[in-house]
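Colleague: Here you go, sequence then predicted model.
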Amino acid sequence: MSAPMDRRTFLKRAVEVGVGAMVVGTGAGIAAGVLADRSRRPWDASAFPVPGRARVAVVKAASYDVDLEAIVLDGLRAVGADVAGRRVVLKPNFVEYDPGAAINTDPRVIAAAVLAMRRLGAAEVTVAEGPGHRRDTQFVVQSSGLLEALDEVDAPFVDLNTEALVPRSLRSSFTNLGELWLPRAIVEADVVVSMPKMKTHHWAGVTLSLKNCFGCVPGRVYGWPKNVLHWAGLNEAIVDVSAAVHPHLQIVDGIVGMQGNGPIQGTPMQAGLLVFGADPVATDTTAARLMGFDPTRVPSIAEAARFLGQGDPERIDQVGEDAERSAVDFATLPQFQGMKVGGTRGAGVDPGPA
Amino acid sequence: MVQKRANASDNGSMSAGLFRRATARLAAARSDGGFGPRPGMTAEPEPTALAAIALGDQEARAWLAGHQRADGGFALVTGDVVSDSATALGALALAPGEARERALDHVVANQAQRLPANPDWPHDPNLRGWGWTPDTFGWVEPTAHAVLALQVLRPSAGSPLVDGLAVLADRECVGGGWNCGNRVVLGVDLPPYAQTTAVALVALQGAEPELFARGLTALDRLWRAERQGGLSLAISLAALRLSDRPAANEVERVLDAELDRTGLLDDVVALAWTAIASGPGLDAIRRPA
């Protein structure tokens, strides 16, 4: 593994390619910095086999009132999900709760996923999350309706912010973190399913199944918000954390996503889609394209595509809906226009500490 | 060993029933002398400190004394990440003496990093506050814990205390109250939360009167909107009891029902705050007149 790139070097490189000043995750500029230097390989190649072809399913779902269990079951089957006899942990996105905002993975999709996993033979299905902004997990999971939805399907919830921890050496070194202490529920699961909301993100461009892995990192160690990760560099941390968690399956809730100033303050965007995959990079590459983003310009996806999964659309077998016809143009902040398909780079504005 | 304080029954604001139920759950959560974040888990500094305050518990204090680091801090150490934000609560939990003073010394000596000056950020870069971990930015909750410990135990702390109070003022959300510490991002006002607003009010206890008053007004609205959160209710109750607000009785009823219905999801920190807010532990965090 090559030497890790520290935060200062990362930023310096970004500035060297002439895309403006930035401190904490500012979009297209950082993408350009990373992509400008393909010689570095800050990961243990023996731990990450060269990604092969991947399959991603894009399925229409007009609303949350349709037969989601059948849709999720079909989507999982389409990507060859094999969970028979396995302990499955579903990891949705409940970073925050705000009534009326499309922040969270919809509880109806999560409940449908619980039932679908059982129909596929899962030995047990648990839902787990560690909210990143709110310390009061009970408030988030009750007010959002998650606990009620899980009661209806008799599925347990685990608060990852208070779960027992297990050290895990990082096998990539985009940050200097070296190791992460991850919740036992995640580490001991046979299958981790990242279930993000399809959203724009005012530091990372988009937040999908890779960024959703941040919720696996416990607040009582890394803070609310998880400032250690942001201090280490947001895009770098996304890559390192998602490489450590390495979700086996992904279900992206894009029935109603969030556009604009996501992941909290944006506006709802009805895309009417669910995206399924068994390779987080392929899934995020496809979902980003569906949102009108060029995934090669989204820093975390572009870097992850070098070792963690398949980012080449030519090597992603997409089933279900046609990507081009299903694409929905998610509005983004001006500084992230450079990440959009056909976009030009913005100047880069730093939103502030996180 | 759970020890009731001599003056417990004299506390007119105490709800004996809520206190009894919360402490019963807490006592059952004990692990290797201290308390973990959930029952049965390995003890950690923050839940142990809060439980020690809530229960006036010698065994928990002994656990803290045995786990105090050479630098005086109490930390959850996970590899290279040393989360020492529980030190202020540890100081509040300890009996008067050298260990407590060393903990306070650690608090004073370990403020957060200054923010780089940036015209896009709505924060004063000269202020520091306290972070969750060393070498990161200051945030509302760890800053509030430090301010609380200094106001209660070392009111003569001087510039660190002044700085902590200034950080709470600097991070106040537009209209009053606090979230985790970002009041405006990209020109958008971010809303306050009940839990962090209550933590800041517990720390202030009337200091910075106008800031405090705006926070109380915000909390009166926020706790109702966030009444499904046990931790939010518990700290709100503590804040309202400390300031003798009549709304405390209503909060207590809601919290009692939530404890009965959900057990606060076995969150030991929430249970400990419930016991503090409804029992004699409140006096241990009361700012001297």
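Modeller: Received it, and whenever you're ready, just let me know what you need. Keep in mind that this is a model prediction, so the values were computed, not measured.
Colleague: Which single residue of chain B ends up nearest chain A?
Modeller: residue B:229 (2.6 Å; C-beta to the nearest C-beta). Bear in mind the C-beta positions are built from the backbone N, C-alpha and C, glycine included.
Colleague: correct me, but that residue touches residue A:131?
Modeller: No: Residue B:229 is not in contact with residue A:131 according to C-beta atoms under 8 Å; the separation is 10.7 Å.
Colleague: Can you give me the pLDDT of the residue in the stretch 1-150 of chain A that chain B sits nearest to?
Modeller: Taking C-beta to the nearest C-beta, chain B has its nearest neighbour within the stretch 1-150 of chain A at residue A:139, 2.6 Å off. We have a pLDDT of 98 for residue A:139.
Colleague: Which helix or which strand is home to it?
Modeller: helix A:137-143 (DSSP states H and E).
Colleague: If you count contacts, what does that helix end up packed against?
Modeller: When contacts are defined as 3 or more C-beta pairs under 8 Å, 6 or more residues apart in numbering or on different chains; DSSP states H and E, helix A:137-143 packs onto helix A:146-152, strand A:157-159, helix B:230-242.
Colleague: same thing but 10 Å
Modeller: strand A:124-129, helix A:146-152, strand A:157-159, helix B:230-242, helix B:247-262 (3 or more C-beta pairs under 10 Å, 6 or more residues apart in numbering or on different chains; DSSP states H and E).
Colleague: picking up where we left off before, neighbours of the residue of the stretch 1-150 of chain A closest to chain B, just the number please.
Modeller: Neighbourhood size, residue A:139 [other C-beta atoms under 10 Å in any protein chain shown]: 24.
Colleague: and it, what is it in contact with?
Modeller: Contacts here follow C-beta atoms under 10 Å, 6 or more residues apart in numbering or on different chains; on that basis residue A:139 touches A:97, A:131, B:193-195, B:225-233.
Colleague: Let me see the contact set for residue 144.
Modeller: Looking at chain A here, since you left the chain open. By C-beta under 10 Å, 6+ apart, the contact list for residue A:144 reads A:92, A:94, A:96-99, A:103-107, A:131, B:228.
Colleague: The intended chain is chain B.
Modeller: B:88, B:129-130, B:164, B:167-168, B:171, B:178, B:196-204, B:235.
Colleague: now with 6 Å?
Modeller: B:199-200, B:203 (C-beta atoms under 6 Å, 6 or more residues apart in numbering or on different chains).
Colleague: circling back to that earlier point, okay, residue B:229 and residue A:131: which has more neighbours?
Modeller: Set residue B:229 next to residue A:131 and count neighbours by other C-beta under 10 Å: residue B:229 wins out with 32 against 25.
Colleague: Starting from residue B:65, give me the distance back to the more buried one.
Modeller: Going from residue B:229 to residue B:65 by C-beta to C-beta, to the nearest Å gives 32 Å.
Colleague: same question, residue B:200
Modeller: Residue B:200 sits at a distance of 29 Å from residue B:65 (criterion: C-beta to C-beta).
Colleague: quick revisit: which of the contacts of residue B:144 has the most neighbours?
Modeller: Neighbour max across these (other C-beta under 10 Å) = residue B:200, 31 neighbours.
Colleague: Hmm, that residue is touching residue B:168, no?
Modeller: Yes: between residue B:200 and residue B:168 there is a contact under C-beta atoms under 6 Å: 5.4 Å.
Colleague: Strands of the stretch 1-150 of chain B, start to end?
Modeller: In the stretch 1-150 of chain B, the strands defined using DSSP state E, counting those that start in this stretch lie at B:30-31, B:34-35, B:76-78, B:81-83.
Colleague: just those: most buried one?
Modeller: strand B:34-35 (a mean of 29; mean count of other C-beta atoms under 10 Å in any protein chain shown).
Colleague: That strand pairs with which strands, and in what direction?
Modeller: strand B:30-31 (antiparallel) (DSSP bridges).
Colleague: what's the strand it pairs with in contact with?
Modeller: residue B:43.
Colleague: where does it sit relative to the chain's centre, distance-wise?
Modeller: Its chain's C-alpha centre lies 21 Å from the corresponding centre of strand B:30-31 when counted by C-alpha atoms, centre = their mean, to the nearest Å.
Colleague: Tell me, how many residues neighbour residue 275?
Modeller: Since no chain was named, I'll use chain A. By the criterion of other C-beta under 10 Å, residue A:275 has 31 neighbours.
Colleague: if you could check chain B rather than the one you did, that'd help
Modeller: When neighbours are counted by other C-beta under 10 Å, residue B:275 registers 29.
Colleague: Run through the residues that contact it.
Modeller: Neighbour list for residue B:275: B:19, B:22-23, B:26, B:54 [criterion: C-beta under 6 Å, 6+ apart].
Colleague: hmm, 8 Å instead?
Modeller: With contact set as C-beta atoms under 8 Å, 6 or more residues apart in numbering or on different chains, residue B:275 has these partners: B:19, B:22-23, B:26, B:51, B:54-55, B:281.
Colleague: Generate a PyMOL selection restricted to the buried subset of those.
Modeller: In PyMOL syntax, the buried subset of the contacts of residue B:275 is picked out as below (16 or more other C-beta atoms under 10 Å in any protein chain shown):
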select buried, chain B and resi 19+22+23+26+51+54+55+281
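Colleague: just checking, which of the contacts of residue B:275 belong to helices?
Modeller: Taking DSSP state H, the ones among the contacts of residue B:275 that sit in helices are B:19, B:22-23, B:26, B:51, B:54-55, B:281.
Colleague: For the helix holding residue A:139, buried residues please.
Modeller: A:137-143.
Colleague: Most widely separated two among these?
Modeller: Across the buried residues of helix A:137-143, the longest distance by C-beta to C-beta is 10.8 Å; it joins A:137 and A:143.
Colleague: Grab the nearest non-local neighbour of residue 54.
Modeller: With no chain named, the answer covers chain A. residue A:282 (3.5 Å; C-beta to C-beta, 6 or more residues apart in numbering or on different chains).
Colleague: switch to chain B, that's the one I care about
Modeller: residue B:275 (3.6 Å).
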